[in-house]
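Participant: Provided below for reference: sequence and predicted model.
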Amino acid sequence: MSDMITLKAAIREAGKGLQTLRAGGSIPAVLYGHGVEPVSLTLDGREFTRAFKAAGENTIIALTVDGKKAVNVLVKDAQMHPLTNRYTHADFFQVRMDEEIEATVPIEFVGESPAVRNDGGILLRSLEEVQVTALPADLPHTLPVDLSVLATFDDVIKVSDIPVPARVTVSNDPETVVALVEAPRTAAELESLDQKVDADVTKVEKAGKPAEETAEEAGK
């Protein structure tokens, strides 16, 4: 396929320090799969970032190791440094194109809800991704959900309403709510919420008083 995402890697030399590897702009990785012996790899950090940004965890990458024939892989794990936001390790799972696999696919919310735009409702999204089963070549990158069907506060989008390509099966409960629009709070409801907050704060202050102070109050 001309639009296949590609990535190059090299067999990682035994005994080479990982800190030295990362300092040079590379990251360590592991390739494994059914019937595949795990192999330690080295990747260019910037090239991996580019490929992973395009593929995510549910799009095939053609991985070439030491110039040999490319193998089809999915990124199963990508670890990132909490301070530098640079990837520090990656795991690749080599797939068989004739064998179904399970994967997580993000939901892509598109459009605008009339209940939000016209009636001031509050959009509530309760699901951001779904679990699917499919052949690797059939895995969707995202699953679009059109919010424009939420025209009233009674409308609900469920998992069963998500358009799914042929040969793709969603594992989530079809009755699970994906998104809905909640009616805006009335002035009376907002005032009631403020009063509840004030009452809770008073209880917290009392609960936090020293034992001797509480005893003094009881004796009054």
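Facilitator: That came through fine.
Participant: Could you double-check that residue 60 sits in contact with residue 74?
Facilitator: Yes: counting by Cβ atoms under 8 Å, residue 60 touches residue 74, with 6.6 Å between them. Just so you know, the C-beta spots here come from the backbone N, C-alpha and C atoms, and that holds for glycine as well.
Participant: Mind splitting the chain into its structural domains?
Facilitator: Annotated domains of the chain cover 5-94, 101-182 [automatic domain parsing].
Participant: rank those domains by pLDDT, which is bottom?
Facilitator: Confidence, taken as mean pLDDT, is least for domain 5-94 of those (a mean of 92).
Participant: list the residues that contact both of residue 60 and residue 74?
Facilitator: Shared contacts of residue 60 and residue 74, defined by Cβ atoms under 8 Å, 6 or more residues apart in numbering, are found at 95, 136.
Participant: The two: which is more packed in?
Facilitator: Taking neighbours as other Cβ atoms under 10 Å, residue 60 and residue 74 compare with residue 74 leading, 22 against 17.
Participant: what about the residue lying closest to that one once chain neighbours are set aside, distance to residue 125?
Facilitator: Among residues not flanking residue 74 along the chain, residue 93 sits closest, at 5.1 Å (Cβ to Cβ, 6 or more residues apart in numbering). Taking Cβ to Cβ, to the nearest Å as the measure, residue 93 falls 29 Å from residue 125.
Participant: who's more crowded, those two?
Facilitator: The residue with more neighbours, out of residue 93 and residue 125, is residue 93; 20 against 14, by other Cβ under 10 Å.
Participant: For the protein, just list every one of the strands.
Facilitator: 5-11, 26-33, 36-44, 61-65, 71-80, 87-94, 101-110, 122-125, 129-134, 143-146, 156-158, 169-170, 177-182 (DSSP state E).
Participant: With respect to residue 17, which of those lies nearest?
Facilitator: Between residue 17 and the strands of the chain, the shortest gap by Cβ to Cβ is with strand 26-33, which sits at 10.2 Å.
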